[in-house]
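Q: Let me see the structure of the following:
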Amino acid sequence: MIRVLFICHGNICRSTMAESVFTHMVRERGIEDMFEINSAATSREEIGNTPHYGTVGKLRQVGIPLVPHRAIQMTKEDYQYYDYLIGMDSANIRNMNRIAGGDPEEKIYKLLTFAGSSRDVADPWYTGDFDATYRDVVEGLEGFLETIMKRK
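A: Numbers count the residues shown, from 1 in each chain. Model prediction:
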């Protein structure tokens, strides 16, 4: 079982989108039993809130089911539990390292590095552009899945 935790600032936009899209991707390939997938925040601002309406709308538009979720915060224990902790931007990575107390096992990644890019996933909280966020998420997740399948 490969345990994956997607992480952004509030856990209502990008990380929940990544959680739903990746869940859909592995189900379509018939490999969902290989994964445990979840998402979390680096902050406490949105704890308990459901995914942002923009994320819900974009997923509905592209026909991807929304994974039921309420925002939670990443914990130090998550670092030990998950195999991959995948942040959406550089600030997330800094905060994830702070919460985890470092990354000695090299489990913390920025999503778009799996697509060969150092870019951050576009943050729709500031841009309002959920289309750009979706494109970034899909690009990163396709690279991540390809990486995982090569390691298996």
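Q: quick one: low-confidence parts of the chain?
A: The chain contains residues with pLDDT under 70 at 152.
Q: Could I get the full set of strands for it?
A: Taking DSSP state E, the strands of the chain run over residues 2-8, 35-41, 84-87, 108-110.
Q: Please, where are all the helices along this protein?
A: 14-28, 53-62, 76-81, 90-100, 124-127, 130-151 (DSSP state H).
Q: just checking, which of these sits deepest inside the structure?
A: Of those, the one with the most neighbours on average (mean count of other CB atoms under 10 Å) is helix 14-28, at a mean of 24. C-betas here are computed from N, CA, C, even on glycine.
Q: tell me, what residue is most central in this protein?
A: residue 6 (2.7 Å; CA atoms, centre = their mean).
Q: contacting residues for that one?
A: When contacts are counted by CB atoms under 8 Å, 6 or more residues apart in numbering, residue 6 touches 14-16, 18-19, 22, 37-40, 86, 88, 111.
Q: Same check on residue 111?
A: 6, 18, 86-88, 121, 136-137, 140-141, 144.
Q: For residue 91, see how far away the closest residue to residue 18 other than its chain neighbours is.
A: Of all residues not flanking residue 18 in the chain, residue 6 sits nearest, at 4.0 Å (CB to CB, 6 or more residues apart in numbering). Going from residue 6 to residue 91 by CB to CB, to the nearest Å gives 15 Å.
Q: Next up, the contacts around residue 20.
A: Residue 20 neighbours (CB under 8 Å, 6+ apart): 51, 55, 59, 64-67.
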